[in-house]
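Enquirer: Give me a model of this one.
(one chain, ligands or ions: 1)
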Amino acid sequence: MRVDLALTTLHRSPSPNHYTGGNWKCNGTVAQIKSMVDVLNAAGPFSANSEVVIAGPAIHLAAMKKTLRPDIAVCAEDVGFKKGYGAMTGEMSAEMLVDSGIKWTLTGHSERRVGFGFPGETSEVVGIKTKNAVDAGMSVMACIGEMLADRQNGTTMKVCAEQLEAIKKALKTEDWKKVVIAYEPVWAIGTGVTATPKQAQETHADIRKWLAQNISPAVAAETRILYGGSATAANCNELYACNDINGFLVGGASLKAEFVSIINSTK
Ligand code: PGA
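Expert: Numbering: from 1, shown residues only. You can find the predicted model right below:
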């Protein structure tokens, strides 16, 4: 179902309005990270209206922060379930990230939700982590999306709404200013199968409508909703032409020089 025209015409108003996120996942030796940073640093100027944020592996975040051009923000791929410092072996808290100058994190990526051989995170955990990050002063790319069976069963928005509801439960209305939603159909992630512009637009519009009905019309108008799932230089222009797509979260292609073309498609 489409959101009403007043909302859809408003949605491109926040500034910086357009957004490209990269997600390097568990990729990159020290040398490879350096060469990816070199490629991005050598790319020409990005549009002043574009925000570029790259999520990198925990061990490389400090080096990325030190070496990436200042108009690319560095993002953690996950954030601690508990706040602060202490006896939490293996965790990286939002406070610790902020102390190191990292102001963004992903939460709820499907590889953390459905796991890769380990039991994954529930929507409730994703909500708590999102709130921890916002409370520490971070901004969050909160990821949601359905599995292939959900899409085939026609329950895409039911699944997305359940994931959004858990984030809503954890956040105050004003916290949504710090949240960007990444809609990433799980069946499109890393598969080379991209959602069609029609499929993506329909779900983005449904997500915006959910925000209008469940948070507020202002939050619906201002929240950037990114598409993720096999986004490439070849398909980004037709996806970005969709009214409710405010940018991308890019995995595989963010490790290649074509990422610069994807960033530039969001001008
Ligand atoms: P992909 O990954 O672009 O390789 O499909 C997207 C993501 O996982 O964020």
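
Enquirer: contacting residues around whichever residue of the chain sits closest to the ligand?
Expert: Residue nearest to the ligand within the chain: residue 251 (2.2 Å; Cβ to the nearest ligand atom). Any C-beta I mention is one placed from the backbone N, CA and C, and that applies to glycine too. Neighbour list for residue 251: 23, 25, 189, 190, 228 [criterion: Cβ atoms under 8 Å, 6 or more residues apart in numbering].

Enquirer: gap between the first one and residue 190?
Expert: Okay, so that is residue 23. 10 Å (Cβ to Cβ, to the nearest Å).

Enquirer: Look at those two and report which has more neighbours.
Expert: Under the neighbour definition other Cβ atoms under 10 Å, residue 23 and residue 190 were set side by side, and residue 23 has more, 26 against 13.

Enquirer: What does the pLDDT read for that one?
Expert: Looking at residue 23, its pLDDT reads 98.

Enquirer: Could I get the full set of helices for the stretch 101-250 of the chain?
Expert: Along the stretch 101-250 of the chain, the segments classed as helices by DSSP state H, counting those that start in this stretch run 110-113, 123-135, 148-153, 156-170, 197-214, 217-222, 236-240.

Enquirer: residues in contact with the nearest residue to residue 136 once chain neighbours are set aside?
Expert: For residue 136, the nearest residue in space outside its immediate sequence neighbours is residue 94; the separation is 3.5 Å by Cβ to Cβ, 6 or more residues apart in numbering. The neighbourhood of residue 94, defined by Cβ under 8 Å, 6+ apart, consists of 79, 80, 83, 105, 132, 133, 135, 136, 138.

Enquirer: Of the residues you listed, just say which sits nearest to residue 182.
Expert: Distances from residue 182 to the contacts of residue 94, taken as Cβ to Cβ, are shortest for residue 105 (11.9 Å).

Enquirer: who does that closest one bridge with?
Expert: When bridges are taken as DSSP bridges, the partners of residue 105 come out as residue 76, residue 140.

Enquirer: How about the contacts made by it?
Expert: Counting by Cβ under 8 Å, 6+ apart, residue 105 touches 55, 75-79, 94, 97, 129, 133, 138, 140-141.

Enquirer: Can you check my assumption that residue 39 lies in a helix?
Expert: Yes - counting by DSSP: H, G, I helix; E, B strand; the rest coil, one finds residue 39 located in a helix.

Enquirer: Residue 198 versus that one, what's the distance?
Expert: Look at residue 39 and residue 198: by Cβ to Cβ, they are 33 Å apart.

Enquirer: between those two, who's got more neighbours?
Expert: For residue 39 against residue 198, the residue with the higher neighbour count under other Cβ under 10 Å is residue 39, and the figures read 13 against 9.

Enquirer: Can you name the residues that contact residue 162?
Expert: Residue 162 is in contact with residue 123, counting by Cβ under 8 Å, 6+ apart.

Enquirer: how about the residues of the stretch 1-150 of the chain that lie near the ligand?
Expert: When proximity is defined as Cβ under 6 Å from any ligand atom, the stretch 1-150 of the chain approaches the ligand at residue 23.

Enquirer: For the stretch 1-150 of the chain, give me the ranges with low pLDDT.
Expert: With pLDDT under 70 as the threshold, the stretch 1-150 of the chain has low-confidence stretches at 1-16.

Enquirer: let's see it at 80
Expert: Judged by pLDDT under 80, the stretch 1-150 of the chain has its weakly predicted residues at 1-17, 47-49, 117.
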